[in-house]
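J.: Okay, sequence plus prediction incoming.
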Amino acid sequence: MISHRIAFKALRGLRLALFDRLSQIPQGYLVENPIGRVRTLLVDRVSSLEDWIAHVMPEAPGRLSVPLVSLIALFVIDWRVGFAARAPVPLVIVGMGIMMAGYESRMYLWMGSKAALAARAAEYIQGIPVIKAFLQEDASFSRYAKSALLYQDTTMAWWKQSWLGSGVMNAAMNSPLLAVVPVAFVLYGAGELDIFRLALCLTLPIGILQHVFAIVHNFELFQMVVPIWDEITTLLRYPALDRPSATDRAELDPQQGVSFTDVHFSYTDGLEVLHGVNFTAEPGQVTALVGPSGSGKSTIARLIASFWDADQGSITLGGVDLRQIPLDQLMEEISYVSQDTYLFEGTIRDNIRLGRPDATDEEIEAASRAARCHDFIMKLPAGYEADAGEAGGALSGGERQRISIARALLKDAPIILLDEATSSVDPENEHEILRALDELTQGRTVISIAHRLSTVADADQILVIDDGRLVQTGTHDELAGTEGIYADFLAARRRAANWSMA
Ligand SMILES: Nc1ncnc2c1ncn2[C@@H]1O[C@H](COP(=O)(O)OP(=O)(O)OP(=O)(O)O)[C@@H](O)[C@H]1O
């Protein structure tokens, strides 16, 4: 019982340490690692250490000493019985040798396929609505099925490679008396052993092999624990963002907005996606980022939110380099509003309160009214007390986005990062979102990945990004009359607007 208590305490400590690390490392880790894989690590991998801590470690002294003491006792009773008791050991070693050949690489393959299966399963389930909408069930299911088959193949390959060795080993270990019985009875017949010693000779070997069996099993467990521990320590040692502690708050100048100076950045694959970007988003102004898909707009927004650090150059906020601003302080300064709003377990009220944990109910409702959420929330049977998990399924994408706007309003951060994609939203919702956004962006510094021409045209400054470079800067009027990507973008929008349904 004590060892189990210690084990659960250790697992709890380990999980807390991992969560702690996750909050200190670049949030990009979560963008780059499928959520199913992170979940497997935090839940399953950590749980699988329980056996090791609760059983293997506390039982090890007994497992090792009992066979040793029994064997010495047998040698003391009669050295010939001692040797007979060891007769199966070479067979156990041979069997184990066969079984363990290439164990580590098989183990990594198997664990990799298991993690891939978990990731694919999570992806498949999360993506079901999209998959159905695009009639991709077969393709998506086949990806999931392929990883299930790979898991099956690696499991079966492992079994096939192990069965001979494990058969030999098990047979030898389950035959502790094979050589002892004839030797002991011959000695007893010859009068060299009395009845008590004979009884000891016939019982002690059984105990020895049971423990040897357990040691072998534990050795196998150890082989499994090594890669798991590797994975856990990789995350625990993942370099944290180098930031001052929460108490070393930076002096931010409210007259200065967000500035990029010669910013270069590459994701972990090493391919540079931003090649020396320079701009300033002035405080209280709307800066719109436009450009072709994959040009780097979201990357710029994520760098401002410190998902990662720039590889070269500097990003400043209020005149201070982001690296000098404690993460907590930065998070107070920024609200990130994207089109996919995550609803946490709890009530709708709790979900909005995430914007400012000490907000009163009245403040939450005022923010909801301003974000045009109040009416649809009141239509839910339990209103603000509705369970977000259950209600979430009943909310449209636009309604969820308005909830994230309500959170941001409550948070009242001076800088708004806005990924405003409204393409998937119906006109009624779009209208409501725009009104909510108007409330949110009043008097704040807004950096918006803009998709709607109206937002772009109204922006104080438009930054045109192409292939990781800032290629045009100006207002709508300035850029509309200049040849380039922005004029092309306008022309494409006008053509689309002229399309008729006839
Ligand atoms: N996590 C990632 N790992 C590696 N490369 C990435 C990652 N995220 C984005 N990229 C790459 O970085 C480049 C810029 O991507 P980004 O998402 O910033 O573009 P974007 O302009 O926001 O595109 P969109 O308008 O389609 O959202 C692309 O080539 C993309 O493939």
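T.: Right, received. Where do you want to start? Numbering: from 1, shown residues only.

J.: Pass me the low-pLDDT residue ranges in the stretch 101-250 of the chain, would you?
T.: 129-138 (pLDDT under 70).

J.: Tell me how many other residues crowd V212.
T.: Using other CB atoms under 10 Å, V212 has 21 other residues around it. To be clear about C-beta, it is placed using only N, CA and C from the backbone, and glycine gets the same treatment.

J.: and after whichever strand or helix holds it, which helix or strand comes next?
T.: Taking DSSP states H and E as the criterion, V212 maps to helix 195-236. Counting by DSSP H and E, the element after helix 195-236 in chain order, helix or strand, is strand 258-266.

J.: Note down every partner strand of that following strand and its orientation.
T.: Taking DSSP bridges as the criterion, strand 258-266 sits next to strand 272-281 (antiparallel), strand 312-317 (antiparallel) in its sheet.

J.: The ones you listed: which one's closest to A487?
T.: strand 272-281 (19.8 Å; CB to CB).

J.: Distance from the chain centre to that closest one, please.
T.: Distance of strand 272-281 from the chain centroid (CA atoms, centre = their mean, to the nearest Å) equals 28 Å.

J.: Can you list the buried residues in it?
T.: Within strand 272-281, the residues that count as buried by 16 or more other CB atoms under 10 Å are V273, L274, H275, V277, F279, T280, A281.

J.: Pretty sure Q27 is one of the things V38 touches, is it not?
T.: No - using CB atoms under 8 Å, V38 and Q27 do not qualify as a contacting pair, with a distance of 12.0 Å.

J.: ok, then the element right after the helix or strand hosting P58?
T.: In this assignment (DSSP H and E), P58 forms part of helix 57-77. The helix or strand immediately downstream of helix 57-77 is helix 79-85, counting by DSSP H and E.

J.: tell me which residues of that following helix are tucked away?
T.: Going by neighbour count (16+ other CB under 10 Å), the buried part of helix 79-85 is R80, V81, G82, A84, A85.

J.: Can you verify my assumption that the first one contacts V183?
T.: It refers to R80. Yes - between R80 and V183 there is a contact under CB under 8 Å: 5.6 Å.

J.: Can I get the strand or helix carrying Q401 in PDB, CA atoms only?
T.: Element membership for Q401 (DSSP H and E) is helix 397-411. Taking Å, rounded to 0.1, in the frame of the first residue of the first chain, the C-alpha atoms of helix 397-411 are listed here in PDB:
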ATOM      1  CA  GLY A 397     -18.700  28.700 -35.300                       C
ATOM      2  CA  GLY A 398     -19.800  32.300 -35.300                       C
ATOM      3  CA  GLU A 399     -21.400  32.000 -31.900                       C
ATOM      4  CA  ARG A 400     -18.200  30.400 -30.500                       C
ATOM      5  CA  GLN A 401     -16.200  33.200 -32.000                       C
ATOM      6  CA  ARG A 402     -18.400  35.800 -30.300                       C
ATOM      7  CA  ILE A 403     -17.700  34.000 -27.000                       C
ATOM      8  CA  SER A 404     -14.000  34.500 -27.600                       C
ATOM      9  CA  ILE A 405     -14.700  38.200 -28.400                       C
ATOM     10  CA  ALA A 406     -16.600  38.400 -25.100                       C
ATOM     11  CA  ARG A 407     -13.600  36.900 -23.300                       C
ATOM     12  CA  ALA A 408     -11.300  39.400 -25.000                       C
ATOM     13  CA  LEU A 409     -13.600  42.300 -24.100                       C
ATOM     14  CA  LEU A 410     -13.500  41.200 -20.500                       C
ATOM     15  CA  LYS A 411      -9.800  40.900 -20.500                       C
END
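
J.: Sounds good, over and out.
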